[in-house]
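Participant: build me a structure from this.
(4 chains)
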Protein chains: 2
Amino acid sequence: MAMETRAVTARTSSENARDIPEATVARLPVYLRALTTLSEQGTSTCSSEELAVAAGVNSAKLRKDLSYLGSYGTRGVGYDVDYLRYQIAREIGVTQDLPVVIVGIGNLGQALANYSGFRSRGFRVVALLDADPARHEEVVAGIDVRPFADLEQIAADHAVAIGVIATPALAAQDVADRMVACGITSILNFAPTVLNVPEQVDVRKVDLSIELQILAYHEQRKTQGAASA
Amino acid sequence: MAMETRAVTARTSSENARDIPEATVARLPVYLRALTTLSEQGTSTCSSEELAVAAGVNSAKLRKDLSYLGSYGTRGVGYDVDYLRYQIAREIGVTQDLPVVIVGIGNLGQALANYSGFRSRGFRVVALLDADPARHEEVVAGIDVRPFADLEQIAADHAVAIGVIATPALAAQDVADRMVACGITSILNFAPTVLNVPEQVDVRKVDLSIELQILAYHEQRKTQGAASA
DNA sequence: CTCGTTTTGTTCTCCCGTTCACAAACTCCT
DNA sequence: AGGAGTTTGTGAACGGGAGAACAAAACGAG
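Facilitator: Sure thing, here's the model as predicted:
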């Protein structure tokens, strides 16, 4: 317990594994994307200011974020785009493709299966699962839709650690339980439900109507202000 | 400029419009959803502890969040589910449906158009737009797909304030510019790009591969730790 | 070789958000 | 009517992140 607060600073032989603030971790993928774009445009070097603009953040914040990874820049010059890109990809852990399963092949699940960004950004969809037998005939994005019962076999075969839930809200908790039982330790949840999982399992949720409602709140504030003016 | 920092605390006659912390605003929709679920289960009253569990947050945080809206609970008793639900919906501004346009009717756009959660949570999709003429024949979710050029007309007819971008990354900035020109002041962006908009326009972004990459980072940390143990 | 310029890496300060802990307030039972 | 038991609402301490500002380091000109 009390030990853990110190234990995280204890280093393995790699010495590379410092703990990176959560806010920084959430921005690293944004930097990675911006660097990829710069690289595709033929830029080989960039300053923190340029990269910050491309990523939509403050340059001081960008430099501080990068400093948690190490000193990969050159003072007076800037950063080598491809080198920094590789270092960030390595830090995130997407230098080779990670296997992912998608459960729930409705409209959203199909959209996710067809999303090319997964493949190009370090992930490989190894299976599509659905509880509805009527869907097991289908092929989506070149992948057979298989029964949900196959989850255990597939997870074991491909060493899957990441699962995506795109089912209706009512099914989501059951799916999550089965995923956890299969050894999946990271879940991306699109169903509008709070998932109950063991502490060691990471869950991130994406809720479309929540995002819209946040916008609606600010929208209301704006128009209210305009009405009184 | 400098005036604005004080201006927000100036109250209109309603006196209800204090400024709510951004972190709280982001959680209000979660509480709203939890209250709806409780209401559908026939629960008429709940304590902060019960609601906190349903929403997946700490009960102290929940109470503090609600305190920004006013005192809608009863000490020693708890909260009236339907009453609190209405108060939160009113604060967010979703007591009546808000019109929304979706641009980009690919896989993701179709999934969004078919998503029933929009309608049930305070939004109404009034138009689907796509730049590809081949799609203008189609009907998705009972709504005609129309040319992107119709945006201005539709935005004016329905007083649309919220736009959803589900186009490829390259088109997103152009779409955003056109939306802003049409008077849209809130944008939900699914394209993997940083959007450049005037300060008064709110943008929220949802990036699927970024979410996965954040999970990948923690996944890597977990398995690295396991390897050394 | 030295000086000026550029840009990184880091320190310091401030602010927002979270959490604890407790007083105020309401209900119910006797 | 009064006291015991709950539960809300909030004051205060705490931790983390954001941004400004600066020192250290690299490069280039002369």
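
Participant: doesn't residue A:135 belong to a strand?
Facilitator: No: per DSSP: H, G, I helix; E, B strand; the rest coil, residue A:135 lies outside any strand segment and is helix.

Participant: what about the closest residue to it other than its chain neighbours, which helix or strand?
Facilitator: Leaving aside its sequence neighbours, residue A:135 sits nearest to residue A:145 (Cβ to Cβ, 6 or more residues apart in numbering or on different chains; 5.0 Å). Placement of C-beta: from N, CA and C, glycine included. In this assignment (DSSP states H and E), residue A:145 forms part of strand A:143-147.

Participant: buried residues in that strand?
Facilitator: A:143, A:145-146 (16 or more other Cβ atoms under 10 Å in any protein chain shown).

Participant: please identify the residues of chain A in proximity to DNA strand D?
Facilitator: Residues of chain A that fall close to DNA strand D, judged by Cβ under 7 Å from any atom of the strand: A:21-24, A:57-58, A:60-61, A:63-64, A:74-77.

Participant: would a markdown table of those residues with secondary structure and distance to DNA strand C be doable?
Facilitator: A markdown table is the format used below for the residues of chain A next to DNA strand D (DSSP: H, G, I helix; E, B strand; the rest coil; distance: Cβ to the nearest atom of the strand, whole Å):
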| residue | secondary structure | distance to DNA strand C |
| --- | --- | --- |
| A:21 | coil | 12 |
| A:22 | helix | 11 |
| A:23 | helix | 11 |
| A:24 | helix | 11 |
| A:57 | coil | 13 |
| A:58 | coil | 10 |
| A:60 | helix | 5 |
| A:61 | helix | 9 |
| A:63 | helix | 4 |
| A:64 | helix | 4 |
| A:74 | strand | 6 |
| A:75 | coil | 4 |
| A:76 | coil | 3 |
| A:77 | coil | 6 |
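
Participant: ok, residue A:161 - contacts?
Facilitator: A:98-99, A:183-186, B:219, B:223 (Cβ atoms under 8 Å, 6 or more residues apart in numbering or on different chains).

Participant: now, those residues that are in strands?
Facilitator: The members of the contacts of residue A:161 that map onto strands under DSSP state E are A:98-99, A:186.

Participant: looking at those residues, which one is closest to chain B?
Facilitator: Among these, residue A:186 lies closest to chain B (Cβ to the nearest Cβ), at 4.0 Å.

Participant: what about the helices in chain A?
Facilitator: Counting by DSSP state H, chain A has helices at residues A:4-7, A:22-40, A:48-55, A:59-67, A:81-92, A:107-114, A:116-120, A:151-158, A:169-181, A:208-228.

Participant: one step back: same for the strand holding residue A:145, what does it pack against?
Facilitator: On a contact count with 3 or more Cβ pairs under 8 Å, 6 or more residues apart in numbering or on different chains; DSSP states H and E, strand A:143-147 meets strand A:123-130.

Participant: I'd like the average pLDDT over the strand it packs on.
Facilitator: Strand A:123-130 carries an average pLDDT of 98.

Participant: could you do stretch A:67-85 as well?
Facilitator: 98.

Participant: next: stretch A:23-38.
Facilitator: pLDDT averaged over stretch A:23-38 gives 98.

Participant: show me which residues of that stretch are buried.
Facilitator: A:24-38.

Participant: just the buried ones from the contacts of residue A:161?
Facilitator: Applying 16+ other Cβ under 10 Å to those flags A:98-99, A:184-186, B:219 as buried.

Participant: turn the residues you listed into CSV, columns for pLDDT and distance to residue A:167.
Facilitator: Shown next, in CSV, are these (pLDDT from 0 to 100; distance: Cβ to Cβ, whole Å):
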residue, pLDDT, distance to residue A:167
A:98, 98, 21
A:99, 98, 20
A:184, 98, 15
A:185, 98, 19
A:186, 98, 17
B:219, 97, 22
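
Participant: which residues sit against stretch A:24-39?
Facilitator: Counting by Cβ under 8 Å, 6+ apart, A:20, A:46, A:50-51, A:54-57, A:61-62, A:64-66, A:68, A:81-82, A:84-85, A:88-89, A:91-92, A:121, B:192, B:194, B:207, B:209-210, B:213-214, B:217-218 sit against stretch A:24-39.

Participant: do the same with stretch A:79-91
Facilitator: Residues contacting stretch A:79-91 (Cβ under 8 Å, 6+ apart): A:20, A:28, A:31-32, A:35-36, A:38-39, A:43-48, A:51, A:66, A:69-70, A:72-74, A:95, A:122, B:217.

Participant: for PyMOL, what selects the buried ones among these?
Facilitator: In PyMOL, a selection of the buried entries from the contacts of stretch A:79-91 looks like this (16+ other Cβ under 10 Å):
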select buried, (chain A and resi 20+28+31+32+35+36+38+45+46+48+51+66+69+73+122) or (chain B and resi 217)
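
Participant: contact partners for the closest residue to residue A:47 other than its chain neighbours?
Facilitator: Spatial nearest neighbour of residue A:47, excluding adjacent residues (Cβ to Cβ, 6+ apart): residue A:78 at 4.1 Å. Contacts here follow Cβ under 8 Å, 6+ apart; on that basis residue A:78 touches A:45-48, A:50.

Participant: and residue A:196, how far from residue B:20?
Facilitator: 28 Å (Cβ to Cβ, to the nearest Å).

Participant: now do residue A:184
Facilitator: Taken as Cβ to Cβ, the span from residue A:184 to residue B:20 is 36 Å.

Participant: same deal with residue A:146?
Facilitator: Distance from residue A:146 to residue B:20, by Cβ to Cβ: 46 Å.

Participant: same check on residue A:71?
Facilitator: 41 Å.

Participant: again with residue A:143
Facilitator: 44 Å.

Participant: for residue A:138, same thing?
Facilitator: 45 Å.

Participant: now residue A:28
Facilitator: For residue A:28, the distance to residue B:20 - Cβ to Cβ - is 30 Å.

Participant: then residue A:139?
Facilitator: Taking Cβ to Cβ, one finds residue A:139 at 48 Å from residue B:20.

Participant: equivalent analysis for residue A:181, please.
Facilitator: In terms of Cβ to Cβ, residue A:181 sits 40 Å off from residue B:20.
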